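Participant: here is my input; please provide its structure:
(3 chains)
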Amino acid sequence: MTQKKFTFGRAVIYLLLVLLCATIVIAFWHLMNLSLSPSHIATRGGLLLYPREATLDNYARVIGNRYIWLGYKNTLIRTCIGTVLQLFFTAMGAYVLSKRFFPHRTFWTLFIVFTMFFSGGLIPNYLLVKNLGLLDTYASMILPGFISAYNLVIMRNFFQSLPEEIEESCLIDGAGRFRIFLQFILPLSKPILATVALWLVVGHWNSWFDVLIYISDDTKFTLQIVLRRIIITGSKEILDTSAAANAAEMESVVSSEGLKAACIFVTTFPILCAYPFVQKFFVKGIMIGSLKG
Amino acid sequence: MTSTVLSHSRRKSAIARFFSSFCGYKKHLALTLMFLPVLVYFIVFKYVPMSGVIIAFKNYKISRGIFGSAWCGLDNFTKAFATPTFVRSVQNTLIISSLKLLFGFPAPIILALMLNEVTHAPFKKTVQTISYLPHFLSWVVLAGMFQQLLSPNNGAVNAVLRDVFGVKDSIYFLGDNHYFRGTLIMTDIWKNVGWSSILYLATITSIDPALYEAATVDGATRWQCTRYITVPSLVSTIVVMLILNVGSIMDAGFDQVLNLYNSAVYQTGDIIDTYVYRYGLGDMKYSLATAVGLFKNVIAFVLVVGTNLIARRISGEGIW
Amino acid sequence: MKFSRFLALVLALMMVMGLVPAAMADEEPVKISVAGYMFGPIDNEKDVITPLVEQQLKEKHGINVDIEVVYIEQANYAEILNTRLTGDKAPDVFLAQSATALNSYYDQGVIKEWDEDFFKENAPDVYNFIMNGAAYGDLINDVDAWKKASLKDGKMIVIPSFKPDGSMPYKTLIYRGDWLDKLSIKQADLPKTVDDFVALMDRFTNEDPDGNGQKDTYGCSITAMKALFGAYGLGTGFVGSNSYWVNKDGTIVNGDVTEEAKEVIGILAKMYAANLIDPEFVTGKESVEGSYWAISHGMVNGLYGVSANASIDHYRLKEVLNDDGGRCAQEYWAVNGEDSTFVYGPWPAGPKGDYGWQVGTSVAVSESAVYNAKMSDEKLALIFKILNAFATDEELYMTAFAGIEGTHYEKNADGTIKRLMGNEELNAVGVWGCRSLYGNDRAFSQLGYDLAFYKDPSIANRLNWFKNDQYNSYIQDAVTETLPSSDLFAELNTIRDETWVAMIRGEKSLDDWDAYVQSWMNAGGQTLTEEANAWFNGK
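Facilitator: Model prediction:
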């Protein structure tokens, strides 16, 4: 497409995008400087354009924690296994429901969507996991949220937009549905698979509440849990007079803004690297060759 | 006589049709088998625990368990809803969510369309990557930053308003009922616009480039390309996302509001979840918490069904 | 013959087998799981203290137990514990984090109850210690309150803590030294009445005390505002907490709806209109989310001049204990310079001569140990015996509380201890792990009380300070029990906070006070007031 490179509309778009990015970059720059600062710098407040008293203490404290690598390991296990399995089964379910001739298709869709809205709450879910013997297992991090109705609906929507002629020709050639799914549909769906995979990866990477509730074995703690334990903040509730008893105990129950900022970077850095990989799957023109054949 | 014979056969064929549809499962055996694990998952992990929702109608005691606790009808609901503050929190939830839908829903779409116009590949990739970064910051962290930024005591925004635009009085964005909701929406957009645009970008990339080529040959402008090719290809995604987002209308962003609000803005900013939080409903008052949760879910579901119906009427597409 | 021999063999076998379980019962330690206190990530394998405790209990007291310390994060303590309770996976001994939590546990039927005699039988020394008014008999007048706090429907459900410092003053006003210097004000000149206080706030706002030529300073923020409530005898919960009840000639009224409260709001409204109060008092620059609660960010950064967020211990000078100074003092010096100063100020007194801040009581159930209802009576008896062992055996207590002498702590000449490692490291090796087994902050023994309170120099420093005139505080709650309808406070506090903020900021007129009182009463205030009076009269 050869268009005029410079129009007023283009300029406005570029300007807005730059503005958006500038604000975001400044925010992260501030946090980065904060992570390199001792606690009283945070007390002073204000926007940090450079670290006034640079120190690696915060990072040392986070990375030096002996549980950090265990946390990374467990998070990686959960993320990799979980994402691959979940992606596969969600896609499979979405594929089936994208076929208009599948019996009672509307009913099954509703059946699944209904679960997005109604839930028994924390206790019944906890009791289920417990009764299935899944407490303190990796399975408890993957199974309870295995298939997200949200993801399934979005994937189904994408599959519906794929032209049916491809499948017709494969069926005529004698291929089974499952083979078609594996060898044709999935490769054609790279953008949506990459997107949902990204969502799943981020979901696993950031989740902490399920580990908090289901896991008490500390060899299975994930990164987020370890970090939360590092950042034990002095909460406002410790304000009543009778808590004066052991001021020494309370004094160490503190974290600085700098430490929290360091934790953010330690957690988020790997994920930030993930997106450029994902972008590779947003590839145009996959469809062209397949139809002309 | 004929009519009864006819209706009899109509009924018979209706029943036959119902049962014969089950033969469809056998006919499409591969698909059925592929669907089975998904079905099992939803039954075991979603529908089985859903039965626990009866806690909302019981006076749940841990020592008695779910099935041993006594029924109490709608007591939990009347207890939770009895206060005018609760009613107000429902209003605020709906208003804030609607505003977020109105302004926050189109934002990622617009961003995706804008990015699509960028031909300079490195710039496009950079902007994409930067734009989704704030999604990873928790509201706890962001609240601290925004409180400083929007502070009436020399926060950067007020400084700019005063020095550049000549506004006399500082605006207390987070402490003024006139500005609080707007602040919620703007900050939410800033945080999530990049991340939410990923799906739309993915959809755009799978549009057949041949369409664009054909349009250009016919002399279409960029704007016309966008309007007649890009946007229509996004419609089904947009409809689905819209319906799904309506489903979370009762949520309104607990994390965000909790970290940003204060008693000066309860009037416009107190949502159901923050009300519940203050009331301590989380603290072992499971019956009450489940009752409020059920209330939220019913409303959300009804709204989604309605939106789906409307969407099908208008665009022919819907989730079901 | 063969049969009888066979029979004899079988009988002999049965006897041996009968003995074996009995013998094994002697060998098999009883498993007890306790909730420990967490400072940071813990590795149970590195725990050296708990095995030592078990060993000492077995050798010196004949108590054979296997203690499992379960660490639950403080930040999500309630959620994690409560979920485990529903699934029957909660530890045997855990903590009730507040009086409300205790009531909830009782309602839910998850904690054990026992008779006073049962307690007396199994933990006699602890029982006598408490009944005699704790160490040195200081709390003899509060023994009845202790008993009452431990009982629910005639049975004991918790061992409340019994602390002399619970009813002692805690907070003090802190002024910025540099501002006082600039305005030529000495400590003796600091305001002692409300009018003088307001006048000083005016000077802070208008006379450029930070000398930068700009009008960017304020008098005070929320904590100093609360001090004004004290000047009218009110212990206020504004913002966000319950206020104290007031005894007005035999009738109990909640502080939030008294005429005095109206007067204070009137004063605050005038102050706000004159720009003496930081407009962000609502979001609180006093206590910034995520950092140490006691640091008043606004005061430390020179936004306003006075704050009452912390105690004299937090702002302790280096000379007092020959150390780096209090936590907040260190922060203050780091931000403002090593030579910067701050000054402790007296509470402003009101028209009736009242002044001060809230004080608590010596009896508290928050952070007290409760016992899982699923436990057998024998196990509970054993736990009480352990509690007693800690109270009588100094070496045992020191092991659990401080660690191994020479490795984890050293004894000072004055009877206090000096810890040799940071709290996190100590916690990691198991110190404080058995906390719930020995009575939380201190064992019910003179040693425990000495270490935690009577011989602690920073506490002595604090209490001596508060003997100064108009520096102590004694606003007490007229109702010391959690009322049955306490849930209603959530709604009442919301109404109060919204209304008062609006009135202070001039968005609402003080003429609406009566309407506010009415809505407060209608939303449950009436019920609570009746309950409070019933409790008071039934005393």
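Participant: what residues go with each domain of the chain?
Facilitator: Assuming you mean chain A. Here the domain parsing of chain A from automatic domain parsing is A:25-55, A:65-237+A:245-292.
Participant: switch to chain B, please.
Facilitator: If you go by automatic domain parsing, chain B breaks into B:22-73, B:82-315.
Participant: mind checking the longest helix of chain A?
Facilitator: Identified as the longest helix of chain A according to DSSP state H is helix A:68-98.
Participant: which strands or helices does it pack on?
Facilitator: Judged by 3 or more C-beta pairs under 8 Å, 6 or more residues apart in numbering or on different chains; DSSP states H and E, helix A:68-98 is in contact with helix A:105-117, helix A:139-142, helix A:149-160, helix A:190-206, helix A:223-230, helix B:29-42. Placement of C-beta: from N, CA and C, glycine included.
Participant: run a quick neighbour tally on B:Leu102.
Facilitator: Per other C-beta atoms under 10 Å in any protein chain shown, the neighbour tally for B:Leu102 reads 10.
Participant: circling back: columns mean pLDDT and distance to chain C on top of the domains of chain B, output as JSON lines?
Facilitator: Converted to JSON lines, these look like this (pLDDT from 0 to 100; distance: least, C-beta to the nearest C-beta, whole Å):
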{"stretch": "domain B:22-73", "mean pLDDT": "90", "distance to chain C": "3"}
{"stretch": "domain B:82-315", "mean pLDDT": "89", "distance to chain C": "4"}
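Participant: and of these, who's closest to A:Leu56?
Facilitator: Among the domains of chain B, domain B:82-315 comes nearest to A:Leu56, with 20.2 Å by C-beta to C-beta.
Participant: count the residues that sit near the residue in chain B positioned nearest to chain A.
Facilitator: Relative to chain A, the nearest point of chain B is B:Gly52 (2.6 Å; C-beta to the nearest C-beta). By other C-beta under 10 Å, the residues close to B:Gly52 number 23.
Participant: check A:Val25 too.
Facilitator: 12.
Participant: so which residues on the stretch 401-539 of chain C come close to chain A?
Facilitator: Residues of the stretch 401-539 of chain C that fall close to chain A, judged by C-beta under 8 Å from any C-beta of the partner chain: C:Gly422, C:Asn423, C:Glu424, C:Asp441, C:Arg442, C:Ala452, C:Phe453, C:Ser458, C:Ile459.
Participant: contact partners for C:Met156?
Facilitator: By C-beta atoms under 8 Å, 6 or more residues apart in numbering or on different chains, the contact set of C:Met156 is C:Glu113, C:Trp114, C:Asp115, C:Glu116, C:Phe119, C:Ser150.
Participant: mind doing that once more with 6 Å?
Facilitator: C:Trp114, C:Glu116, C:Ser150 (C-beta atoms under 6 Å, 6 or more residues apart in numbering or on different chains).
Participant: just send the residues you listed back as JSON lines, with neighbour count and secondary structure too.
Facilitator: Listed next are these as JSON lines, based on neighbours: other C-beta atoms under 10 Å in any protein chain shown; DSSP: H, G, I helix; E, B strand; the rest coil:
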{"residue": "C:Trp114", "neighbour count": "16", "secondary structure": "strand"}
{"residue": "C:Glu116", "neighbour count": "14", "secondary structure": "helix"}
{"residue": "C:Ser150", "neighbour count": "19", "secondary structure": "helix"}
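Participant: strands along the stretch 1-150 of chain B, start to end?
Facilitator: Using DSSP state E, counting those that start in this stretch, the strands of the stretch 1-150 of chain B run over B:58-59, B:70-71.
Participant: contacting residues for the residue of chain B closest to chain A?
Facilitator: Listed by C-beta under 6 Å, 6+ apart, the contact partners of B:Gly52 are A:Gly120, A:Pro124, B:Ile66.
Participant: top of the residues you listed by neighbour count?
Facilitator: A:Gly120 (25 neighbours).
Participant: Three-state assignment for it, please.
Facilitator: Here A:Gly120 is recorded as coil under DSSP: H, G, I helix; E, B strand; the rest coil.
Participant: among the domains of chain B, which comes closest to A:Ala42?
Facilitator: Evaluated over the domains of chain B, closeness to A:Ala42 peaks at domain B:82-315, with 9.0 Å, by C-beta to C-beta.
Participant: ok, that closest one near chain A or not?
Facilitator: Yes: part of domain B:82-315 sits near chain A under the criterion C-beta under 6 Å from any C-beta of the partner chain, namely B:114, B:117, B:127, B:129-130, B:133-134, B:136, B:148, B:198-199, B:202, B:205-206, B:208-209, B:216, B:222, B:236, B:240, B:244, B:290, B:293, B:297, B:300-301.
Participant: surely C:Leu200 meets C:Leu190?
Facilitator: No: assessed by C-beta atoms under 6 Å, C:Leu200 is found out of contact with C:Leu190, at 7.7 Å.
Participant: the more surrounded of those two?
Facilitator: More crowded of C:Leu200 and C:Leu190, by other C-beta under 10 Å: C:Leu200, with 25 against 20.
Participant: so what's the more buried one up against?
Facilitator: By C-beta under 6 Å, 6+ apart, the contact list for C:Leu200 reads C:Pro191.
Participant: for the residue nearest to the spatial centre of chain B, which three-state class applies?
Facilitator: Taking C-alpha atoms, centre = their mean, the centroid of chain B lies closest to B:Asn245, which sits 2.8 Å from it. Assigned by three-state DSSP, the conformation of B:Asn245 is helix.
Participant: sounds good, over and out.
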